[in-house]
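# Below: sequence and its predicted model.
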Amino acid sequence: MAAFFHQTGIATEAVEFVHYPDTGAQVAALLAHEIDFAMLNLPSAGSLFAANALTPLGVAGETRLTGLPEVATLKEQGIEMVNTTDRGVFVPLTTAPERLAILANAFEQALAQPALAHTIEHVHGSLIDYRPLSSYADYPQSTVRVVTVSVGKRRV
């Protein structure tokens, strides 16, 4: 987050970092005007965006969300930051390759279903980025990029 504040000209000394146990608590705090901003996902805030109770300021992914096509990405707004959640299925190292193939095939078939794809993209605000076993094994490590920015003292 330090990079975000640095690029937007927001002094971290002007921000009080508040911990909440979950996204629902963050949404409640926003609606109660206890906090000024939070990073949310479409399932937790989409209906509030639609009702104009909250305003989406930017999409933190590489591309715009299908469920919020009018909201520009942070990169489109000149902020060089991507903050996404990538999920995968993890199994014990000793899992037999044939069992892995069964799981991978099931996920691939499920994600190919139009109704599920629509729900994932429009209701959950996620992008479908299925990767076969051969390419997913290296993916988590290849996407990690550490950015260090000197912005001074940070209160947490």
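Received the coordinates, thanks. Numbering: from 1, shown residues only.
# So for stretch 124-139, what gets flagged as buried?
125-126 (16 or more other C-beta atoms under 10 Å). Where C-beta positions appear, they are placed from N, C-alpha and C, glycine not excepted.
# cool, stretch 4-18 as well?
Result for stretch 4-18 [16+ other C-beta under 10 Å]: buried residues 4-7, 12.
# Chain neighbours aside, what residue packs nearest to residue 10?
Distances taken as C-beta to C-beta, 6 or more residues apart in numbering place residue 4 nearest to residue 10, at 7.9 Å, with adjacent residues excluded.
# so who does the one you found touch?
10, 74, 79, 81 (C-beta atoms under 8 Å, 6 or more residues apart in numbering).
# where's the residue nearest to the spatial centre of the chain, which helix or strand?
Taking C-alpha atoms, centre = their mean, the centroid of the chain lies closest to residue 84, which sits 3.3 Å from it. Following DSSP states H and E, there is no helix or strand that holds residue 84.
# Turn the buried residues of stretch 4-18 into JSON lines, including distance to residue 129.
Shown next, in JSON lines, are these (distance: C-beta to C-beta, whole Å):
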{"residue": "4", "distance to residue 129": "23"}
{"residue": "5", "distance to residue 129": "28"}
{"residue": "6", "distance to residue 129": "28"}
{"residue": "7", "distance to residue 129": "25"}
{"residue": "12", "distance to residue 129": "32"}
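# closest to residue 97 among these?
residue 4 (41.4 Å; C-beta to C-beta).
# Report pLDDT for the closest one.
With respect to pLDDT, residue 4 has a value of 83.
# Tell me which helix or strand it sits in.
helix 2-8.
# Beyond that helix, next helix or strand please.
helix 23-31.
# Quickly note the distance from the spatially closest residue to residue 30 that is not a sequence neighbour to residue 121.
Nearest residue to residue 30 in three dimensions, chain neighbours excluded: residue 38, at 5.8 Å (C-beta to C-beta, 6+ apart). From residue 38 over to residue 121 the distance is 22 Å, taken as C-beta to C-beta, to the nearest Å.
# ditto for residue 89
Distance, residue 89 to residue 121, by C-beta to C-beta: 20 Å.
# go on, residue 59?
For residue 59, the distance to residue 121 (C-beta to C-beta) stands at 13 Å.
# list the residues that contact both of those two?
Shared contacts of residue 59 and residue 121 (C-beta under 8 Å, 6+ apart): residue 65.
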